[in-house]
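**Student:** Any chance you could fold what I've pasted below:
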Amino acid sequence: MRAMRVPFLQATIIPVALGGVTAWQITNVFHWDLFLLTLLGASLIQIATNMFNDYFDFKSGNDLQVKHQNPFAGGGRILTAGLVTPSRHLLVSTTCLVLGCLTGLYIISAYGLPMLLVLGLVGVVSSYFYVGPPFKLAYRGVGELIVGLNFGPVMTLGSYYVQTGSWTRLTAPFLASIPIGLLIAAVLWINEFPDIDADRAVGKKTLVLRLGQLRSIGVFAGLLGGSYLLIILYAALRVFTSLQTTSYVTLIALFSLPMALKAIKLLRANYLDPHSLIPANARTIMLHLSFGTLTILGIVIGAIIGQ
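**Tutor:** Numbers count the residues shown, from 1 in each chain. Got it, this is the predicted structure:
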């Protein structure tokens with residue numbers, strides 16, 4: 001459980017559920033078997049990603065440089081604690097990646113969804129090369145962008161496509177996925193603050209390291225604020241009317257705003273102290289979960305009212 005970082009699977013559950021719900025509202029059909037298969041395959045890919053990250057960060061010496069005790073940063077610490085051998089850890093992560101690929105290939109072949117292969121390849125390549133050689137994408141300052149895209153538009157549109165079997169009427173699910181992508185990027189962003197010294201020691205030039213802590217606080221506030229501005233804009237422009245949704249109902253996501261403001265305040269006050277930053281890390285994770293859940297609920301309620 002610790003090595004796989006199972007509690008963080010909300011990063012997959014929210015966009016997959018969002019894609020499924022938007023597809024249901026458009027087609028009035030929801031395929032539970034396909035939804036569960038999609039969720040299984042995507043979750044296996046995320047687990048593989050989590051474990052690959054820990055393995056390669058351990059091999060590079062990155063995690064060995066971590067001195068703080070913030071549980072949201074510095075990797076899973078399974079390997080540094082000697083609880084699992086690196087070879088067994090790599091075996092399990094590779095097995096999860098293979099099983100995730102097989103799940104996707106089954107969906108493609110059994111249900112005739114060839115375009116899913118494209119999104120699947122994006123996910124698989126990102127999973128391994130996020131910190132794996134030779135590309136080490138996170139070392140090049142693009143890791144945050146990749147996480148936001150994969151756990152936002154890619155998973156949402158993939159789930160939508162599996163349900164509908166079509167690439168038409170993508171505007172609503174695509175736009176709905178952007179705030180979710182911004183918020184999961186914010187989770188990664190704030191988790192990088194405690195690791196700045198360790199990342200610098202091994203040449204892992206994350207955007208937080210490149211920009212510096214003060215400017216990175218502003219970017220974090222922008223990621224959170226941008227998510228709320230988009231939800232308000234979507235309601236004003238009636239973006240979700242194609243989902244038979246009364247657009248203003250999606251504004252219930254604003255109920256999570258106090259959590260966002262508190263996370264920003266805590267980051268500004270504690271960005272130099274990894275231990276004191278823990279509540280801000282936790283709030284950002286809960287913000288992603290709350291915002292995503294409320295957005296999904298708002299689309300469902302609005303659709304029911306609209307009908």
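
**Student:** which non-adjacent residue is nearest A263?
**Tutor:** Closest residue to A263 apart from its sequence neighbours, by C-beta to C-beta, 6 or more residues apart in numbering: R283 at 4.2 Å. Yep, even glycine has a C-beta here, placed from its N, CA and C like the rest.

**Student:** can you list the weak-confidence ranges in this structure?
**Tutor:** Across the chain, the ranges flagged by pLDDT under 70 are 241-247, 303, 306-307.

**Student:** can you give me the helices for this protein?
**Tutor:** 10-27, 32-60, 86-111, 116-129, 143-149, 155-164, 171-191, 196-202, 207-211, 213-237, 257-270, 278-306 (DSSP state H).

**Student:** Please identify the most buried of those.
**Tutor:** The highest average neighbour count among the helices of the chain, using mean count of other C-beta atoms under 10 Å, belongs to helix 155-164 at a mean of 26.

**Student:** other SSEs contacting that helix?
**Tutor:** Using 3 or more C-beta pairs under 8 Å, 6 or more residues apart in numbering; DSSP states H and E, the elements in contact with helix 155-164 are helix 10-27, helix 32-60, helix 116-129, helix 171-191.

**Student:** relative orientation of it and helix 32-60 in degrees?
**Tutor:** Relative orientation of helix 155-164 versus helix 32-60 (axes from the mean of the first three to the mean of the last three C-alpha atoms, to 10 degrees): 150 degrees.

**Student:** Just the residues contacting helix 155-164, thanks.
**Tutor:** For helix 155-164, contacts defined as C-beta atoms under 8 Å, 6 or more residues apart in numbering pick out 12, 15-20, 22-24, 26-27, 29-31, 34-35, 37-38, 42, 107, 111, 113, 115-116, 119-120, 123, 167, 170, 173-174, 176-177, 180.

**Student:** which residues touch the residue nearest to A263?
**Tutor:** Applying C-beta under 8 Å, 6+ apart, the residues contacting R283 are 259, 262-263, 266.

**Student:** how does it look with 6 Å?
**Tutor:** 259, 262-263 (C-beta atoms under 6 Å, 6 or more residues apart in numbering).

**Student:** Tell me, how many residues neighbour the nearest residue to G74 once chain neighbours are set aside?
**Tutor:** Of all residues not flanking G74 in the chain, V66 sits nearest, at 3.7 Å (C-beta to C-beta, 6+ apart). Using other C-beta atoms under 10 Å, V66 has 21 neighbouring residues.

**Student:** Pull up the gap between V66 and G152, please.
**Tutor:** Separation of V66 from G152 (C-beta to C-beta, to the nearest Å) stands at 28 Å.

**Student:** now do T206
**Tutor:** As judged by C-beta to C-beta, T206 and G152 stand 19 Å apart.

**Student:** any idea how far the closest residue to W189 other than its chain neighbours lies from A42?
**Tutor:** Beyond its immediate neighbours in the sequence, the residue positioned closest to W189 (C-beta to C-beta, 6+ apart) is F220, lying 5.4 Å away. To A42, F220 is 26 Å away according to C-beta to C-beta.

**Student:** Then R268?
**Tutor:** Taken as C-beta to C-beta, the span from R268 to A42 is 34 Å.

**Student:** N150 too?
**Tutor:** 10 Å.

**Student:** try D54
**Tutor:** To A42, D54 is 19 Å away according to C-beta to C-beta.

**Student:** Ok, V124 next?
**Tutor:** From V124 to A42 the distance is 11 Å (C-beta to C-beta).

**Student:** so L287 touches M259, yeah?
**Tutor:** Yes - taking contacts as C-beta atoms under 6 Å, L287 lies within contact range of M259: 4.8 Å.

**Student:** Identify the spatial nearest neighbour of R5, chain neighbours not counted.
**Tutor:** In this structure, R5 finds its nearest non-sequential neighbour in N50, 4.4 Å apart by C-beta to C-beta, 6+ apart.

**Student:** that older thread, how about the helices of the chain, which one is nearest G75?
**Tutor:** Nearest of those to G75, taken as C-beta to C-beta: helix 32-60 at 4.8 Å.
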